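Chemist: here is my input, please return the structure:
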Amino acid sequence: MKGIRGEREFVNLLRSYGIVAIRVPASGAARKDVLPDVIAAYLGRVALFEVKHAQRSYISRNRLKALGELAFHFGGKAFVAFRPKGTSDYYIIPVEKAPTMIDADKAKLFDHVEAFIREYFFREPSVLDML
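Modeler: Numbering: from 1, shown residues only. Here you go, the predicted structure:
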């Protein structure tokens, strides 16, 4: 599956839960700015995603750090959405915990997309969220 198709599929998945999600065009193009593949938001919670669909994928530590910094400025968090080849399951990995080399075994240590959506987008805010 080409990257653009996987990104569109991920956007559609998020939208199926009522989350506003957009694919950022040319995010993978050679450019100076670091852009995410997908930006999603729901009731003030913002998430930026690097989307990968592969058996194994490398993401540089600098890219992960830059995505995290960009997400901070958006008032959100950055994640890697990894879908191992041959499956329909996405795993969501916070960039600050993401290994530079991701495969199916490493991805499964993190939240499945449905658990992530419930926890990140739909949970009730706590007092700690307001600090």
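
Chemist: need the contact list for Asp111.
Modeler: For Asp111, the contact set (CB atoms under 8 Å, 6 or more residues apart in numbering) comprises 91-92, 119. For glycine as for every other residue, the C-beta is placed from the backbone atoms N, C-alpha and C.

Chemist: which among the residues you listed end up buried?
Modeler: Buried members of these, counted by 16 or more other CB atoms under 10 Å: 91-92.

Chemist: between the contacts of Asp111, which is closest to Leu48?
Modeler: Nearest to Leu48 among these is Ile92, at 11.8 Å by CB to CB.

Chemist: check contacts around that closest one.
Modeler: 79-82, 110-113, 116, 120.

Chemist: and the two most separated of those residues?
Modeler: Maximum pairwise distance among those (CB to CB): 15.7 Å, between Phe82 and Tyr120.

Chemist: distance of the residue nearest to Gly76 when sequence neighbours are not counted relative to Ser16?
Modeler: Nearest in space to Gly76, with sequence neighbours left out and distances taken as CB to CB, 6 or more residues apart in numbering, is Val46 at 2.9 Å. Distance of Val46 to Ser16, computed by CB to CB, to the nearest Å: 19 Å.

Chemist: the more surrounded of these two?
Modeler: More neighbours surround Val46 than the other of Val46 and Ser16, with 16 against 10 (other CB atoms under 10 Å).

Chemist: partners of the more buried one in the sheet?
Modeler: Note on Val46: beta-bridge partners by DSSP bridges are Ala41.

Chemist: just the pLDDT at it, thanks.
Modeler: Looking at Val46, its pLDDT is 97.

Chemist: is it true that it touches Val38?
Modeler: No. Here Val46 does not reach Val38: they are 11.3 Å apart, not a contact under CB atoms under 8 Å.

Chemist: centre-most residue in this structure?
Modeler: Phe49 (2.7 Å; CA atoms, centre = their mean).

Chemist: would you map the strands across the protein?
Modeler: Assigned by DSSP state E, the chain shows strands spanning 20-23, 38-42, 45-54, 56-58, 77-84, 91-94, 101-103, 111-112.

Chemist: which one of these is the most hemmed in?
Modeler: strand 77-84 (a mean of 25; mean count of other CB atoms under 10 Å).

Chemist: all good on my end, thank you.
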